[in-house]
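[1] Based on what follows, work out the 3D shape:
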Amino acid sequence: MLILLQIILQLLGFTLLSLSLQRHYNDVIGQARRLKKSTYLLFRCLGIALLIVATANAIYTWGTALGLVYVFATATLVATTLAILLAYITRLKAMLE
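    Coordinates of the predicted model:
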């Protein structure tokens, strides 16, 4: 159950960090508008904060050595999954419509 919490926190953090980029924001939201500076900063700060919380939670729960192993293992899993989803999001949207 604790690994699931770790994955969810990192998924939210990496998603917010990717949405702070103009390209991914346009792909996911579907608007060609320019990303506002305040939205960009909010997404970036919340994403970094969630990743720090996930890391602190893992270190507190499993100790320093194992906590860092779990952080990097789940970060690899989440980042790879998110990168694949963001690469094919336009095709997924076309298939669903």
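
[2] for the longest helix along the chain, the distance to its chain's centre please.
    When the chain is parsed with DSSP state H, its longest helix is helix 37-62. Helix 37-62 sits 9 Å away from the centroid of its parent chain (C-alpha atoms, centre = their mean, to the nearest Å).

[3] can you check stretch 82-97 too?
    16 Å.

[4] What distance separates the opening and closing residues of it?
    Stretch 82-97 stretches 21 Å from its first residue to its last (C-alpha to C-alpha, to the nearest Å).

[5] Enumerate the positions of stretch 20-30 that are buried.
    Of the residues in stretch 20-30, 20, 24, 25, 27 count as buried by neighbour count, 16 or more other C-beta atoms under 10 Å. Using the backbone N, CA and C atoms, a C-beta is placed for each residue, glycine as well.

[6] just the helices in the chain please.
    Under DSSP H, the chain gives helices at 2-19, 22-29, 37-62, 64-87, 89-96.

[7] Quickly compare these and say which is most buried.
    Among the helices of the chain, helix 2-19 has the highest mean neighbour count (mean count of other C-beta atoms under 10 Å), at a mean of 18.

[8] follow-up on the earlier one: can you list the helices of the chain in JSON lines and add mean pLDDT?
    Below are the helices of the chain laid out as JSON lines (pLDDT from 0 to 100):
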{"stretch": "helix 2-19", "mean pLDDT": "95"}
{"stretch": "helix 22-29", "mean pLDDT": "81"}
{"stretch": "helix 37-62", "mean pLDDT": "95"}
{"stretch": "helix 64-87", "mean pLDDT": "95"}
{"stretch": "helix 89-96", "mean pLDDT": "80"}
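
[9] Now do the same contact list for the most centrally placed residue in the chain.
    Nearest to the mean C-alpha position of the chain, by C-alpha atoms, centre = their mean, lies residue 14 at 1.6 Å. Going by C-beta atoms under 8 Å, 6 or more residues apart in numbering, residue 14 touches 47, 51, 75, 78, 79, 82.
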